[in-house]
Each structure stands twice: as structure tokens, then as C-alpha cells.
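Chemist: Generate coordinates for the sequence data below:
(2 chains)
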There are 2 protein chains.
Amino acid sequence: MEKLKHKILKEGKAIGTQIIKVDGFVNHQIDVKFMEELGEALAQRFAGEKVDKILTVESSGIAIACLTAPHFGYPPVVFAKKSVPNTLSEEFYHSEAKSFTKGTTSHIVVSRSFLSPGDRVLILDDFLAHGQASLALVRIIEQAQAHVAGVGIAIEKAFQGGRRKLEQEGLKVESLAIIDKIQDGKVFFG
Amino acid sequence: MEKLKHKILKEGKAIGTQIIKVDGFVNHQIDVKFMEELGEALAQRFAGEKVDKILTVESSGIAIACLTAPHFGYPPVVFAKKSVPNTLSEEFYHSEAKSFTKGTTSHIVVSRSFLSPGDRVLILDDFLAHGQASLALVRIIEQAQAHVAGVGIAIEKAFQGGRRKLEQEGLKVESLAIIDKIQDGKVFFG
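Modeler: Residues are numbered from 1 along each chain as shown, chains lettered A, B, ... in the order given. Next up is the predicted model:
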């Protein structure tokens, strides 16, 4: 999506070789009108898919998930919560997502009430990097005996390999902007 | 808002005397179509107000903030982040919010980039309980030398006193559903 690439170039901040900060319109301050456009574009990538639920992770996936939902006829949007292991209980599906940037592991949980066997679940998120968050959501969907309808992403950092891991599981991955390289304060798209 | 009260009675779970769980449509699974209606109703309560920014706290305020924004002409939505004290820096405004339910204190931060002196900032959140989260946002808006345009809330637990604290600061508080009492698994509205 050219408009997203343009906005990343104009408003994003490239840091080192791994990080692109887009907290001015995606994950701290949200440009809602622009997010609506991203939602529409993501929905087009999965046009014709039956989507019973949309699943994302708090916090930064919530806006894009909510603004994509109208294009699928308003399926429920479920956001996985980051939790600490000692609060895990039988009420929840849970899974782990390692953060390569922070060197930490998040435990994410989804109440069993909100995913049902046979549900077709579309995973949406603002970023795809190493794929750990998306894979954690895939594991949760599997625990619920539901199906992954696909993985829709706003910004993919292709050089961190998340897509390969998801595609190896046979999943359809669609990203609106694919970054091949970050270097010297510049972003290079694929 | 009768429709919200009805939905709380139908889908909410009253626990003890302090808690009403609405994670089926507000803060774990989101009913986006219904949230759009809440956003429209909140906007009506502040009709005529000039709103330069909408401010909320992650995670559960994000959906309602994003779905209210269109009714004010799409001002930027900023969500304060919950942080740990050792990550505080000069880049951020910060404040503390005590959770009476969990017995913990959250440090919340907002980047200085996203609030400017003179901004008229509407605070939105899913819940008003003891008022700690809203007051923390008020403090951050003050640090930015901006103005609070008002505080808009989906569900207020009136018996926890948050409104009084905010009104003592001269702020306009609007809630779509006001709960007076929770008892024996039942919710009583004001």
C-alpha cells in the first residue's frame, strides 16, 4: 500500500538496523482516519474469506482490529492479554511470545469463552517481525480447535523472518508494507 | 444510555459488591458495532466542544477512543502506556494510578511529542471507578500545559467515588451508564 509506505517514510523513525518507530500514527498516537484506510486495505486482501472472529494482541493491535472489523460484517474482535504466569488458569488458553527486541517472554492469554471449535479466526496486528506474537495467537487458535483464516499485518519487517515461520504452517500472510532493510536511518521497502 | 444498561444486565457478570465484568463486549472481546454506538453517544454528550486530541489509557480505552474520534472530525487518539518506573525518561510525561482492585500502582506515560500546550484534550475510558486512571491522565494533561475538555466514560461505578474527585477539579464528567450498587449478583443503575 503506497500510502502506508509514504507515511512510514515521512513520519517513521528508523533506529539502528532493526527498529522503525511509528508511534506518531500507529502505536502510541493513532491516526484513526488513516487506520480506517489500513483496515479497508487489509479486508480487501482477505476478501471472500469467511471470518467469524478477529484476534489480535493488546495494545497496539486493538485499533487496527477494530477498524478492520466493519469490512467483515462486524465479527467480534478478541484481544489477547499479556499476563503473568501465576495468573494462568483453566479459564484461559495461553501461549508464549518471545520479544527479540526486549529480550523478554510475554505470556498471552485468551478466555476460553471467546474462541469456539470451528471458528474461522483472522489474526491482525500492526507489526510482523520475528513472528512470535502471531505464532502465539496461532497456538491459541489451535488450542480452541478453531481455524486460522489468515494473518493480516500493517507493517512487516521482512528481514526478521516472521513470514517464513507462518507460511511454513500453511498460513496466508498479507502485509500492507514490507520493509526489506533498515540502515543509516533509512527504510528500504521490498 | 438505555441500550448500554440493557447490555450490561444481559451480558455483564456482577461479582461481589465491587466488580462488573463486561469482557464479552468491552475489555477482552469487543463488540465493535456496539462500541460505535457508544462512541456516537459520548460525542453527543460533548457536542460543541472543541477537541484537539483524545486521550485514553491502554488497553481497554483504545477501542472506545478510536470509535468516538470520527464524531469529532478525527482528532489524534493518544493512549497512555503503562510503564515501569525505571523506563521513565525526560521524553515522557508521567503520572501514577493506583488500582484499588488489584492493590497495585501503575505508572503511566505519554510521550511529550503528542500533547502540546493549549491542546483541548478529551479523556475517554471504558470505566470510571475510583477515578485514579482519569486523574492520572488529568495530571499528564496539566504537565503538557494543555486543557481537559471533559471526561467521557462508558460505565461509571458511582459508589466508588471517581466522579466527585474529577468534579472537584472543575471537570465535566459524562457517563453512558451509571451503576449505583452491585449486590447479590445484581446491578442497580442510578
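
Chemist: Please make it C-alpha for all contacts and neighbour counts, starting now.
Modeler: OK.

Chemist: Could I get the full set of helices for chain A?
Modeler: Counting by DSSP state H, chain A has helices at residues A:2-11, A:32-45, A:62-68, A:132-143, A:162-167.

Chemist: In JSON lines, list the ones you listed along with distance to chain B, mean neighbour count and mean pLDDT.
Modeler: Output for the helices of chain A, formatted as JSON lines (distance: least, CA to the nearest CA, whole Å; neighbours: other CA atoms under 10 Å in any protein chain shown; pLDDT from 0 to 100):
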{"stretch": "helix A:2-11", "distance to chain B": "12", "mean neighbour count": "14", "mean pLDDT": "98"}
{"stretch": "helix A:32-45", "distance to chain B": "6", "mean neighbour count": "20", "mean pLDDT": "98"}
{"stretch": "helix A:62-68", "distance to chain B": "6", "mean neighbour count": "28", "mean pLDDT": "98"}
{"stretch": "helix A:132-143", "distance to chain B": "14", "mean neighbour count": "22", "mean pLDDT": "98"}
{"stretch": "helix A:162-167", "distance to chain B": "24", "mean neighbour count": "18", "mean pLDDT": "98"}
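
Chemist: Residues in a beta bridge with residue A:188, which ones?
Modeler: Beta-bridge partners for residue A:188, by DSSP bridges, are residue A:181.

Chemist: tell me, how many neighbours does it end up with?
Modeler: 12 (other CA atoms under 10 Å in any protein chain shown).

Chemist: Now do it, the pLDDT please.
Modeler: Looking at residue A:188, its pLDDT reads 98.

Chemist: tell me the centre residue of chain A?
Modeler: Centroid check for chain A by CA atoms, centre = their mean gives residue A:125 as the closest residue, at 1.8 Å.

Chemist: what's the distance between it and chain B?
Modeler: 14 Å (CA to the nearest CA, to the nearest Å).

Chemist: give me every residue that touches residue A:163.
Modeler: A:128, A:130-131, A:173 (CA atoms under 8 Å, 6 or more residues apart in numbering or on different chains).

Chemist: one step back: quick check: the residue nearest to the centre of chain A touching residue A:66?
Modeler: No: assessed by CA atoms under 8 Å, residue A:125 is found out of contact with residue A:66, at 10.9 Å.

Chemist: Bridge partners for residue A:29, pull those for me.
Modeler: residue B:78.

Chemist: Residue A:188: what's it in contact with?
Modeler: Per CA under 8 Å, 6+ apart, neighbours of residue A:188: A:179-182.

Chemist: Kindly report the residues of chain A close to chain B.
Modeler: With CA under 8 Å from any CA of the partner chain as the criterion, chain A comes near chain B at residues A:24, A:28-33, A:58-59, A:62-63, A:66, A:69-70, A:74-81, A:114.

Chemist: Buried ones among those?
Modeler: Among the residues of chain A next to chain B, those classed as buried by 16 or more other CA atoms under 10 Å in any protein chain shown are A:24, A:28-33, A:58-59, A:62-63, A:66, A:69-70, A:74-81, A:114.

Chemist: What distance do you get for residue A:66 to residue B:63?
Modeler: Note on residue A:66: its distance to residue B:63, by CA to CA, to the nearest Å, is 7 Å.

Chemist: re the thing from before, need the buried ones from the contacts of residue A:163 selected in ChimeraX.
Modeler: Only the buried entries of the contacts of residue A:163 go into this ChimeraX selection, using 16+ other CA under 10 Å:
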select /A:128,130,131,173
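
Chemist: Strands - which of the contacts of residue A:163 land there?
Modeler: A:128, A:173 (DSSP state E).
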